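[1] Structure, please.
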Amino acid sequence: MRSGRGDLFIIVNVADHPYFKRDNLDVIVEVPVSIYEAVLGANVSVPTLDGEVTMTIPPGTSSGTRLRLRGKGINRALDSGDQYVVVKVVVPKDLDPTEIGIIQQLQNRKPINARADVLWK
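    Have a look, this model is predicted:
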């Protein structure tokens, strides 16, 4: 048996988390909200590395909006990251004719040109 000094190599593989993504010291999580919560605003529970917190979804929030939780990312020495919550709006399925009519009335009163600022036009 030989004893003495030598190099020790440790290889670490980190598995993906089921819902958190990492970007340097920042953490990103997608949070589904109903179309009603997105339109009207709401307080929703959001997972963080330290447990759940309540976050305000401002009225009129669109799908894909990134909201920041300052200081809720990875902490390393003197640096700390933020957590970004990416809103994913969930719309109702299987609307009946009356409900479709209500949505069409809203569309007629408040039309939206959702692709007005796209690059391909």
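[2] What ranges does the protein have for its strands?
    Along the chain, the stretches classed as strands by DSSP state E are 20-23, 26-34, 42-48, 51-57, 66-69, 75-76, 79-80, 83-90.
[3] Of the ones you listed, flag the one that's most buried.
    strand 83-90 (a mean of 18; mean count of other C-beta atoms under 10 Å). From N, CA and C alone the C-beta is placed, and that goes for glycine too.
[4] what does it rub up against?
    The contact list for strand 83-90, computed with C-beta atoms under 8 Å, 6 or more residues apart in numbering, reads 26-35, 38, 46, 48-49, 55, 57, 61-69, 72-73.
[5] got the angle for that strand vs strand 42-48?
    Comparing the axes of strand 83-90 and strand 42-48 via axes from the mean of the first three to the mean of the last three C-alpha atoms, to 10 degrees yields an angle of 130 degrees.
[6] How far off centre is strand 83-90?
    On the basis of C-alpha atoms, centre = their mean, to the nearest Å, strand 83-90 is displaced by 3 Å from the centre of the chain it belongs to.
[7] Kindly report the same for stretch 30-44.
    11 Å.
[8] cool, and stretch 46-61?
    In terms of C-alpha atoms, centre = their mean, the centre of stretch 46-61 is found 9 Å from the chain centre.
[9] just use 18 as the starting number from now, easier for me
    That works, and once the first residue is 18, the last one we named lands at stretch 63-78.
[10] Run through who's touching that stretch.
    36-37, 44, 46, 48, 50, 54-62, 84, 86, 89-91, 100, 102, 104, 106.
[11] Pull up the pairing partners for the helix or strand of the chain with the lowest mean pLDDT, direction included.
    Among the helical and strand segments of the chain, the one scoring lowest on mean pLDDT, DSSP states H and E is strand 92-93, with a mean of 88. For strand 92-93, sheet partners with direction are given as strand 96-97 (antiparallel), following DSSP bridges.
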